[in-house]
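>>> Quick one: sequence and predicted model below, then my questions.
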Amino acid sequence: MTPAQFEKQIEPRWQKLEKLLKETEQSHPSAEVEELPATFRQVCHDLSVAQHRMSPQRLTQQLNALAIRGYRVLERHSSGGWEAFARMILVEFPQAVRAEWKLFWWCTALFYVPAVLIAVITPSYPEWAMTLLGPDGMMQIESMYGEASKPSDYVHENFGTGFAAFCFYIWNNVSIDFRTFAGGILGGVGALFVLLFNSLYLGAVFGYVHYSGNPLTLYTWVIAHGAPELTGVVISAMAGMRVGWSVLRPGRMDRRTALVLAGRKALPLLVGAAVLTSVAAVLEGFWSPMDLPPVIKFTAGGMCWLLVAMFLLFSGRRQTDAA
């Protein structure tokens with residue numbers, strides 16, 4: 001093949017790459033933008049062949065300039081930043097949850113079933129909840145959800161108001177997610193333990209309030225922020241269990257490699273769980289303390305649960321869900 005024939009053969013590829021790069025740089029990408037990585041690889045291969053065949057300098061310089069330009073565009077669009085973070089939360093996170101739907105429902109059942117059982121039996125056998133809560137826990141619950149108590153008064157007295165309470169909830173809620181995830185390194189046992197402990201403690205709180213407090217006060221306080229917070233706990237357990245499974249069953253890879261790959265795959269789950277619990281902290285710090293009629297609180301809470309479910313079910317559907 002002569003140099004002229006070779007240049008004519010590859011010309012459509014580098015012209016296509018130039019077009020895609022121009023569209024991407026101008027932030028007006030067409031539907032063909034998804035072909036950019038593959039086209040970039042083809043042009044890089046053409047550059048390598050051109051250099052090997054000692055093609056005219058004009059051609060190799062043109063292909064080299066395109067390759068450098070393509071690398072910069074792809075590196076910029078794949079190297080973090082707000083766009084990458086937004087894509088992780090809005091696309092990769094819900095896709096990862098749907099891809100692991102069996103694990104999601106297994107962790108959900110593992111979290112809610114023990115909690116409901118403890119909450120149901122506590123009014124008849126309060127010693128179960130008292131053992132789990134301890135004296136300090138029972139005093140705190142009575143201070144927040146007693147017949148003559150308001151959770152907002154307790155929170156204001158101990159954690160401050162508004163932003164101060166929000167900061168406490170951010171630290172507390174996100175730390176639970178990260179502890180749950182980190183426990184997965186121990187073959188998933190740690191994540192399982194943290195999930196079950198939080199489940200039993202939550203059930204003990206609800207059961208003890210039904211036994212000696214005002215349930216309406218509790219439900220109006222937690223109904224809204226409970227949707228993202230509890231869902232975040234379940235999903236962080238998913239991430240930890242996924243990492244733990246890679247330690248127990250690395251397949252043909254060594255455990256270190258399997259652990260690294262599983263960690264990368266679980267990253268959207270962990271970050272998404274942290275975002276959900278951060279949203280919960282905003283609601284718990286600013287919305288929950290508002291003195292509003294129960295019907296408003298329950299309506300808003302129902303909307304929160306619906307929005308979380310709709311987000312996990314449908315967000316990122318325009319992209320191809322992870323296998």
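In hand now; what should we look at?

>>> Give me the number of neighbouring residues for Lys16.
Residues within reach of Lys16, counting by other Cβ atoms under 10 Å, total 16. From N, CA and C alone the C-beta is placed, and that goes for glycine too.

>>> That one and Asn64, how far apart?
17 Å (Cβ to Cβ, to the nearest Å).

>>> got a list of what the spatially closest residue to Pro37 that is not a sequence neighbour touches?
Distances taken as Cβ to Cβ, 6 or more residues apart in numbering place Leu74 nearest to Pro37, at 6.5 Å, with adjacent residues excluded. Taking Cβ atoms under 8 Å, 6 or more residues apart in numbering as the criterion, Leu74 is in contact with Leu36, Pro37, Phe40.

>>> Please list only the buried members of the residues you listed.
Leu36, Phe40 (16 or more other Cβ atoms under 10 Å).

>>> Out of the contacts of Leu74, name the ones that lie in helices.
Leu36, Pro37, Phe40 (DSSP state H).

>>> Let me see the domain layout of the protein.
According to automatic domain parsing, the chain comprises the domains 3-79, 83-314.

>>> okay, the ones you listed, which one's buried deepest?
Across these, the average number of neighbours (mean count of other Cβ atoms under 10 Å) peaks for domain 83-314, which reaches a mean of 18.

>>> for the record, mean pLDDT for that domain?
Regarding domain 83-314, the rounded mean pLDDT is 87.

>>> okay, which residue is most central for the protein?
Residue closest to the mean C-alpha point of the chain, counted by Cα atoms, centre = their mean, is Gly272 at 1.4 Å.

>>> distance of Pro294 from Ala300?
From Pro294 to Ala300 the distance is 11 Å (Cβ to Cβ).

>>> whoops, Leu66 was the one
54 Å.

>>> Helices along this protein, start to end?
Counting by DSSP H, the helices of the chain are 3-25, 36-52, 57-78, 81-87, 93-99, 101-121, 126-145, 151-159, 163-182, 189-212, 215-222, 226-248, 255-282, 294-314.

>>> between the ones you listed, which gets nearest to Ser288?
Distance to Ser288, taken as Cβ to Cβ, is lowest for helix 215-222 among the helices of the chain, at 5.3 Å.

>>> Can you tell me which helices and strands that closest one packs against?
Under the contact criterion of 3 or more Cβ pairs under 8 Å, 6 or more residues apart in numbering; DSSP states H and E, helix 215-222 touches helix 126-145, helix 151-159, helix 189-212, helix 294-314.

>>> Distance to Arg264 added to those helices, as JSON lines?
Output for the helices and strands packed on helix 215-222, formatted as JSON lines (distance: least, Cβ to Cβ, whole Å):
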{"stretch": "helix 126-145", "distance to Arg264": "36"}
{"stretch": "helix 151-159", "distance to Arg264": "36"}
{"stretch": "helix 189-212", "distance to Arg264": "17"}
{"stretch": "helix 294-314", "distance to Arg264": "21"}
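
>>> contact partners of stretch 252-263?
Taking Cβ under 8 Å, 6+ apart as the rule, stretch 252-263 contacts Ile185, Arg242, Val243, Trp245, Ser246, Val247, Pro250, Gly251.

>>> try 6 Å
Arg242, Val243, Ser246, Val247, Pro250 (Cβ atoms under 6 Å, 6 or more residues apart in numbering).

>>> Save these as JSON lines, and put in distance to Glu100 too.
Below are these laid out as JSON lines (distance: Cβ to Cβ, whole Å):
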{"residue": "Arg242", "distance to Glu100": "7"}
{"residue": "Val243", "distance to Glu100": "12"}
{"residue": "Ser246", "distance to Glu100": "13"}
{"residue": "Val247", "distance to Glu100": "17"}
{"residue": "Pro250", "distance to Glu100": "18"}
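
>>> Determine which two of the residues you listed are furthest apart.
The widest separation within the contacts of stretch 252-263 (Cβ to Cβ) is 12.8 Å, between Arg242 and Pro250.
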